[in-house]
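For reference, the sequence and a predicted model appear below.
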Amino acid sequence: MAGGLAALLDDIAAIARAAAASVDDVAAGAAKASAKAVGVVVDDTAVTPRYVQGFTPDRELPVVWKIARGSIINKLVFILPAILLLSQFLPWLLTPLLMCGGLYLSYEGAEKLWEAVSGHSKAKEAPALLQGGDHEKLMVSSAIRTDFILSAEIMVISLNEVGDLGFWMRAGSLIVVALIITAMVYGVVALIVKMDDVGLKLAAKERTRRFGEGLVKAMPRVMQVLSTVGVAAMLWVGGHILLVGINDLGFTPIYEFVHHLEEAAAHAAGGFVGWLVNTFFSALLGVIVGAVVVLIMHLLPFGKKGHTGSTETHAQEGKN
């Protein structure tokens with residue numbers, strides 16, 4: 001009886017050690033994948049605040065929460081199962097699908113540039129044309145669509161870093177990555193959008209009045225800078241997805257040209273300058289490809305209808 005109990009305890013201990021080793025593998029894989037995806041995480045953090053501008057203070061955090069919840073659903077419900085299955089059975093399909101996302105980001109960024117040049121901004125018109133709840137739904141859905149593309153790249157980059165693990169270890173690592181990155185991105189976004197409120201509270205106290213007032217005055221400029229950075233990030237990430245994708249699909253001249261310039265710049269002035277060179281040409285590709293899509297959308301009948309008709313529809317909904 002004692003011998004049987006000892007054997008059972010040994011088995012339990014062995015299972016516990018195996019479980020602990022699995023947890024360690026998942027944690028190590030998640031850490032490795034998260035580090036590799038940090039560049040896109042920064043872009044995601046820069047892009048999101050522009051969707052929270054224009055809301056009253058009491059709606060800012062609820063809007064951030066809605067976007068964060070949509071981001072988790074994007075990663076865990078849609079992206080994770082899809083990329084795991086594709087990586088297992090149709091790995092060649094990951095690149096074309098990711099390039100579709102890059103095309104969408106390039107289009108979104110180029111559209112924002114067109115709005116800035118032409119003076120026609122749907123984002124500025126929307127609050128006036130839509131009632132509060134409708135405008136909030138529009139901004140949240142738009143943010144979640146953009147997040148889907150950025151999240152897809154984050155998850156695919158992360159998947160590439162844990163490709164040597166077994167299927168379930170990969171899945172566990174990517175779940176951890178999804179949760180950590182989403183918490184990090186939207187935690188920072190929440191802090192950014194509430195900094196003006198923090199400034200107001202600090203300004204109400206004598207000891208911190210000057211700092212609080214300075215914070216309140218600075219936040220509109222900070223939000224404007226973040227909005228600009230967000231558009232640039234769309235073009236860079238979208239262009240970089242396309243740059244790498246066309247190389248992976250077999251058309252190498254553009255990627256090799258950019259990579260050669262990047263290595264030359266890094267050798268002459270350091271790795272950061274090399275990164276800037278790659279970023280510049282990725283963004284340039286995003287602008288060119290995005291501008292072509294914007295032109296098509298504005299010239300074709302369905303594009304004109306989608307661009308102008310939506311505003312008229314929203315105006316009519318606001319009247320009703």
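Looks like it came in fine. Keep in mind that what you see is a predicted model, and the values were worked out from it rather than measured.

Using neighbour counts, pick out the buried residues of the stretch of helix or strand residue 245 belongs to.
Per DSSP states H and E, residue 245 falls inside helix 209-248. Within helix 209-248, the residues that count as buried by 16 or more other CB atoms under 10 Å are 212, 215-216, 219, 223, 226-227, 229-248. Backbone N, C-alpha and C define where each C-beta goes, glycine included.

and the angle for the next helix-or-strand element following it with helix 209-248?
For helix 209-248, the following helix or strand on the C-terminal side (DSSP H and E) is helix 253-269. Using axes from the mean of the first three to the mean of the last three CA atoms, to 10 degrees, the inter-axis angle of helix 253-269 relative to helix 209-248 is 130 degrees.

what does helix 253-269 rub up against?
243-244, 246-247, 273-278, 281-282, 285 (CB atoms under 8 Å, 6 or more residues apart in numbering).

which secondary structure elements does the very next helix or strand once past it contact?
Where DSSP H and E defines the elements, the next helix or strand beyond helix 253-269 is helix 271-299. The helices and strands touching helix 271-299, judged by 3 or more CB pairs under 8 Å, 6 or more residues apart in numbering; DSSP states H and E, are helix 94-118, helix 209-248, helix 253-269, helix 301-304.

tell me the mean pLDDT for the first one?
What helix 94-118 shows for mean pLDDT is 87.

which outside residues touch it?
Everything outside helix 94-118 that qualifies as a contact, by CB under 8 Å, 6+ apart, is 83, 86-87, 121-123, 146, 148-150, 152-153, 156, 231-232, 234-235, 237-242, 245-246, 248-249, 285-287, 289-291, 293-294, 297.

What does the pLDDT read for residue 49?
In the prediction, the pLDDT value recorded for residue 49 is 78.

Pull the number of nearby residues for it.
The number of residues packed near residue 49 is 23, by other CB atoms under 10 Å.

Equivalent analysis for residue 65, please.
Counted with other CB under 10 Å, residues neighbouring residue 65 total 13.

If you count neighbours, what's buried in the host helix or strand of it?
Assessed by DSSP H and E, residue 65 sits inside helix 57-73. Judged by neighbour count (16+ other CB under 10 Å), helix 57-73 contains these buried residues: 59, 60, 61, 63, 64, 66, 67, 68, 70, 71, 72.
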